[in-house]
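>>> fold the following for me, if possible:
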Amino acid sequence: MLKQQIMKPLINLLDLVALTKTEYVEIVNRLGREPNDVELGMFGSMWSEHCGYKHSKQLLQLLPSESPRLLAKPGAENAGAIDIGDGLAVVFKIESHNHPSAVEPNEGAATGVGGIVRDILAMGARPIALLNSLRFGPLTKNRNRYLMNGVVSGISSYGNCIGVPNVGGEIIFGETYGENPLVNALCVGIVKTDCIVKSAARTPGNFLVLVGAETGRDGIHGASGLASRGFQENQKQRPAVQVGNPFLEKILIEACLETAHSGLIEGMQDLGAAGLTSSVVESAFGGGSGFRLDISKIPLREEGMTPYEVMLSESQERMLLIVSPDKLKSIQEIMQRWDTPCTVIGEVTNDQTGHVIYQDKEVATIPLKALANPPLYELEGTIPPELTKLQSYDLTNSPPYKATPNELLLNLLGSPNITSKKSVYRQYDHQVQINTLVGPGEGDAAVLRVKGTNKALAISTDGNGRVSYLDPFIGGAFAVAEACRNLVCTGAEPLAITNCLNFGNPEKNDVAYQLKESVRGIVAACTALALPVVSGNVSLYNESNGQPIYPTPVIGALGLLEDASHSLTSAFKKIGDVVVLLGKASIDAEEAGLAGSEILDLAHKLVAGSPTIDLDLEARVQKCCLKIIHAQLIHSAHDCSEGGLAITLAESAIQGDFGFKGTIQPQGRWDAALYGESPSRIIISLPKTNIHELDSICKETQVPYTVIGTVQKDQFIIPGLIDLEMSTLRDAWDNGFEDISREQNSFHNKF
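Reported below is the predicted structural model:
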């Protein structure tokens with residue numbers, strides 16, 4: 001038993017590395033002694049939520065991961081790898097940088113981009129695209145504007161400098177994210193299947209070689225501090241935020257790619273969360289080996305750094321190479337040619353133990369089995385009583401709208417989550433590398449050609465915090481379904497997903513319930529759509545002063561078009577085309593479609609109801625849409641999501657510079673019909689002469705459809721409800737974001 005007199009200073013140290021007293025006792029038991037400060041810091045990092053997944057690993061094992069295209073076992077490498085034929089693989093992953101971005105938005109977001117790029121690079125893949133999924137508080141508050149502007153600046157400056165296009169994503173606003181924004185970054189890379197690099201260090205005697213930037217004090221306790229507890233007032237956390245250098249990263253990318261494709265290395269690993277500790281430990285443990293590390297040899301950019309600081313530093317732009325002694329000279333020549341620092345800092349051993357040496361003294365000796373296997377916790381959450389009340393809320397009694405139907409559509413088009421984000425994405429270079437076929441604002445997903453082939457990739461990110469709050473199971477399924485539906489609308493067949501699970505404190509009952517149910521929802525949707533989860537990240541403790549964010553599972557989805565020339569956008573293309581709703585036979589959306597909807601939140605500040613999803617129908621709708629696109633029957637496809645049917649139609653009309661005249665005659669609640677957000681629906685436009693073939697495919701796939709109008713010029717008309725000039729709609733959608741950013745009064749007053 002630990003002596004009472006040492007408990008108080010020990011408690012302070014445990015709090016610094018985010019370990020509990022119970023976990024400390026477990027460390028003592030595993031070591032057979034008390035750890036020193038360096039060892040305790042290493043345990044804190046490796047047992048953190050960000051590195052150890054101690055509250056989520058058992059849940060993540062439920063996720064489906066089987067696919068004949070899968071080339072890397074999920075969790076075994078830095079990212080997922082999917083075979084796309086022609087001897088090529090796509091490597092992709094999404095990861096969070098929420099907490100650093102809340103403390104220092106520019107550097108937090110920039111280093112989030114740098115980190116996810118190195119995860120892709122570590123597998124020998126050239127990064128070809130970035131996407132991001134962002135959440136902020138309302139822009140009517142100065143701090144939220146500061147956070148958003150800083151994050152966007154960080155993403156654009158880093159991505160533009162390294163020459164990787166930022167081709168898509170999403171930005172969502174809500175009160176729940178005010179003090180804890182979400183910054184999730186996704187990167188996609190291409191590699192020849194026979195050039196994929198593993199991370200494991202398997203061969204004793206091989207050198208551990210550190211390449212890239214010098215090591216400083218930035219980022220210490222990033223994994224064990226920022227990412228493993230919520231924010232509190234007056235908490236000093238800025239030193240835990242990493243500092244990025246995109247110009248060095250660009251050189252590092254080229255140097256590491258040449259090295260990877262040379263066949264001269266056994267393995268490669270990124271230095272990300274927990275820095276050198278996680279990089280070396282994961283490589284050695286994954287290879288069934290050990291390591292001897294002499295940190296006296298590590299190039300430092302700050303004087304007087306202690307072994308503790310060196311092992312936990314999260315300084316950016318660093319990679320670890322596993323190199324046999326006879327290949328070292330060749331590696332050094334490559335690095336010298338790229339003017340990239342390259343230092344031998346240790347070697348692989350065969351004793352399954354980590355030895356850290358400093359000035360000829362062993363400052364840490366830890367069996368890797370003890371260090372790399374954190375205690376795992378079973379979540380015991382149950383449905384909170386207040387959630388049951390929200391789910392049973394009678395939406396038929398929602399208050400009336402202040403605005404007319406015309407005003408309501410214009411206000412929604414100019415609202416934060418729907419209006420055009422051109423002022424944001426125009427800061428990103430989305431054409432560099434000249435692969436982008438469908439970029440931001442042009443379609444439901446980004447589409448990039450695969451050089452040297454006729455193929456293209458489609459990538460999308462999606463999540464819905466309000467729906468997940470009302471029903472975490474449905475929210476998890478919603479996110480998967482919508483991300484994949486977006487791919488399908490471009491003509492791409494979904495192949496795999498990556499996920500970023502953003503939640504509050506898992507030790508609390510409601511958050512534990514949310515996390516468990518969300519994972520179950522993702523499993524259900526992936527099973528229905530026959531998709532594997534190949535990579536991802538869990539970000540917990542997203543809360544400030546005890547208040548958690550909405551549960552926000554974000555899904556990144558990857559799809560493949562065998563013929564890039566058949567890619568589709570969401571814009572209407574031709575006057576006279578028939579507009580068809582794939583999905584429900586009737587456009588009379590039941591009240592469930594209003595649950596968690598934009599219209600209820602904006603008009604009444606109401607987040608309530610019981611959302612639903614029919615996963616069998618979702619799978620059929622996606623299959624049907626792909627068949628229709630591959631038969632080249634249609635001119636556009638756009639999925640119904642935020643804002644419902646009316647917003648989907650308006651967006652397609654605005655993007656195509658056309659109008660729309662509906663044949664819609666809502667029965668019952670017109671607001672549910674026009675603005676309900678029931679899933680499993682896609683709006684398509686096609687020549688009238690193709691309706692017969694459309695009917696045949698819909699019958700074959702058992703998908704109901706409804707003809708709801710035609711494409712016309714200048715006017716947007718839904719008989720009896722809406723009659724507006726297209727120029728008026730376009731102005732609301734184009735300028736809404738700037739108007740909101742300047743506005744100081746509540747946006748809800750417009751409704």
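
>>> so N98 touches V538, yeah?
No. Contact criterion C-beta atoms under 8 Å: N98 and V538 do not qualify, at 11.3 Å. (Glycine included, C-beta is placed from N, CA and C.)

>>> all strands for the stretch 451-600 of the chain, in order.
For the stretch 451-600 of the chain, the strands defined by DSSP state E, counting those that start in this stretch occupy 456-462, 493-502, 533-539, 543-544, 547-548, 552-561, 578-582.

>>> make a markdown table from these and add mean pLDDT and mean neighbour count to it.
What follows is those, written out as a markdown table (pLDDT from 0 to 100; neighbours: other C-beta atoms under 10 Å):
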| stretch | mean pLDDT | mean neighbour count |
| --- | --- | --- |
| strand 456-462 | 98 | 29 |
| strand 493-502 | 98 | 26 |
| strand 533-539 | 95 | 26 |
| strand 543-544 | 90 | 20 |
| strand 547-548 | 93 | 18 |
| strand 552-561 | 98 | 28 |
| strand 578-582 | 97 | 23 |
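
>>> so which of these is nearest T203?
Nearest to T203, of all the strands of the stretch 451-600 of the chain, is strand 533-539, at 26.0 Å by C-beta to C-beta.

>>> contacts for the closest one, please.
Strand 533-539 is touched from outside by 49-50, 53, 55-56, 60, 63-65, 67, 70, 72, 74, 79-82, 92-96, 98-99, 182, 184, 227, 496-503, 522, 526, with contacts defined as C-beta atoms under 8 Å, 6 or more residues apart in numbering.

>>> for stretch 331-343, same thing?
Under C-beta under 8 Å, 6+ apart, the answer for stretch 331-343 is 209-214, 251-252, 254-255, 258-259, 262, 264-265, 297-299, 321, 323.

>>> filter these to the buried ones?
209-214, 251-252, 254-255, 259, 264-265, 298, 321, 323 (16 or more other C-beta atoms under 10 Å).

>>> what's the helix or strand harbouring I683 in contact with?
Using DSSP states H and E, I683 sits within strand 682-686. For strand 682-686, contacts defined as C-beta under 8 Å, 6+ apart pick out 485, 488-489, 572-574, 577-583, 621, 625, 628, 633-640, 645, 648-649, 652, 694, 708, 711.

>>> now do 7 Å
Contacts to strand 682-686, defined as C-beta atoms under 7 Å, 6 or more residues apart in numbering, come from residues 485, 489, 572-573, 577-583, 621, 625, 628, 633-640, 648-649, 652, 694, 711.

>>> selection in PyMOL covering whichever of those residues are buried, please.
This is the PyMOL syntax for the buried subset of the contacts of strand 682-686, where burial follows 16+ other C-beta under 10 Å:
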select buried, resi 485+489+572+573+577+578+579+580+581+582+583+621+625+628+633+634+635+636+637+638+639+640+648+649+652+694+711
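
>>> just the ones of the contacts of strand 682-686 in helices?
Among the contacts of strand 682-686, the subset assigned to helices under DSSP state H consists of R485, C489, V621, C625, I628, T648, L649, S652, L694.

>>> average pLDDT across the strand holding I683?
For strand 682-686, mean pLDDT is 98.

>>> what's the angle between it and strand 578-582?
Here the directions of strand 682-686 and strand 578-582 differ by 150 degrees (axes from the mean of the first three to the mean of the last three C-alpha atoms, to 10 degrees).

>>> name every strand pairing with strand 682-686 and say which way it goes.
strand 578-582 (antiparallel), strand 636-639 (antiparallel) (DSSP bridges).

>>> adding distance to A273, write those out as JSON lines.
What follows is these, written out as JSON lines (distance: least, C-beta to C-beta, whole Å):
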{"stretch": "strand 578-582", "distance to A273": "42"}
{"stretch": "strand 636-639", "distance to A273": "34"}
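
>>> how far away is D714 from D577?
D714 sits 15 Å away from D577, going by C-beta to C-beta, to the nearest Å.

>>> actually V281, not the one I typed
Distance from V281 to D577, by C-beta to C-beta: 58 Å.

>>> state the distance from G212 to S199.
16 Å.

>>> brain fart, S544
35 Å.

>>> can you tell me the closest non-neighbouring residue to A79?
K93 (3.7 Å; C-beta to C-beta, 6 or more residues apart in numbering).

>>> quick check: the one you found is in a strand.
Yes. Counting by DSSP: H, G, I helix; E, B strand; the rest coil, K93 is located in a strand.

>>> give me the beta-bridge partners of it?
C187.

>>> so it sits against I497, correct?
No. Look at K93 against I497 with C-beta atoms under 7 Å: they stay out of range, at 10.8 Å.
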